[in-house]
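S.K.: Okay, sequence plus prediction incoming.
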Amino acid sequence: MVPKGTILWEDYDEFLAQAETDIDAKEFHETGLARFVDFDLQFLLTGHRYYVYSEEIDAVSTAELCCHTLLIDDGSRHRSYCLLLLSHVDVDDENLREQAAKYDLEDEIDALLRYLETHGEVDDNWIPEWDEFQKLAADYEVQPPQ
């Protein structure tokens, strides 16, 4: 049992949860912004920890991490962080779209991918202007698509 835990998304045999403590169990895989450090992207974090429970996976893929991050918070800050991740790491678009469908995030992921492909030519209030994103990317030493 996890004290003070909240389920953020659930499916037949998986769920995404927020907890205030670390969970060290085989089927629980850490996800969310804390995992971005694995890709040399380190952010200020809250006291909450995020885990996906699944007996099917050994580790959270980059595509899943992006989707989990949007499930945790679909605001402009988390979308910007997903854009940094997608710019910094080679993520298979087809796999990302498959994961987006699983989590019902097709529109959000399509908008992020279109944004990167068109250098900001997306009408979405939750995504930063291209010049703002370029500044953010420079702060994190990430090279946005050219």
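M.R.: Here it is on my side, so go on.
S.K.: center of this structure - which residue?
M.R.: For the chain, Cys66 is the residue whose C-alpha lies nearest the centre (CA atoms, centre = their mean; 2.5 Å).
S.K.: That one and Asp92 touch, don't they?
M.R.: No. Counting by CB atoms under 8 Å, no contact exists between Cys66 and Asp92, whose distance comes to 11.6 Å. (Glycine included, C-beta is placed from N, CA and C.)
S.K.: quick one on the thing from earlier: find the nearest non-adjacent residue to the residue nearest to the centre of the chain, please.
M.R.: Closest residue to Cys66 apart from its sequence neighbours, by CB to CB, 6 or more residues apart in numbering: Cys82 at 4.9 Å.
S.K.: What segments of the chain are strands?
M.R.: Listed in chain order, the strands found in the chain under DSSP state E are 6-10, 14-19, 28-31, 49-54.
S.K.: With respect to Glu117, which of those strands lies nearest?
M.R.: strand 28-31 (25.6 Å; CB to CB).
S.K.: Nice, that's everything, thank you.
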